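Colleague: Coordinates for the following, if possible.
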Amino acid sequence: MGNVRELLRNPSIMHKVQTEVRQVISTKSTIDETDIHSLHFLNMVIKETLRLHPPAPLMLPMENRKQCEFV
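Modeller: Numbers count the residues shown, from 1 in each chain. Prediction:
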């Protein structure tokens, strides 16, 4: 959901991603792994979106379930 929201906020970036995807898969009916690796700009957009909107908190509080002793 974060990717879509960020792309809607930045139409020029969305256009650039669409252009890249159309160029890479223009003549194919299916996408395989080699195509995904050649979508460099899309990969950067996804990484930036995950940086802005992480799927989970980065530092969760931790608590031991069992008592332990350090020697």
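Colleague: where does residue 27 land in three-state SS?
Modeller: Under DSSP: H, G, I helix; E, B strand; the rest coil, the three-state class of residue 27 is coil.
Colleague: quick one: pLDDT of it?
Modeller: Here, the pLDDT recorded for residue 27 equals 78.
Colleague: and what of residue 4?
Modeller: On pLDDT, residue 4 comes in at 81.
Colleague: The residue nearest to the spatial centre of the chain: what's it in contact with?
Modeller: Closest to where the C-alpha atoms of the chain average out (C-alpha atoms, centre = their mean) is residue 46, at 2.8 Å. Counting by C-beta atoms under 8 Å, 6 or more residues apart in numbering, residue 46 touches residue 3. (Each C-beta comes from the backbone N, C-alpha and C, glycine too.)
Colleague: Assign a three-state SS to it, would you?
Modeller: Put simply, residue 46 is helix when judged by three-state DSSP.
Colleague: And for residue 70?
Modeller: coil.
Colleague: what about the closest residue to residue 8 other than its chain neighbours, distance to residue 7?
Modeller: Once flanking residues are discounted, residue 8 sits nearest to residue 14: 7.1 Å by C-beta to C-beta, 6 or more residues apart in numbering. Residue 14 sits 4 Å away from residue 7, going by C-beta to C-beta, to the nearest Å.
Colleague: on that earlier part again, quick check: the residue nearest to residue 8 touching residue 5?
Modeller: No: the pair residue 14 / residue 5 is not scored as a contact, 11.1 Å apart, by C-beta atoms under 8 Å.
Colleague: Look at those two and report which has more neighbours.
Modeller: residue 14 (16 against 12; other C-beta atoms under 10 Å).
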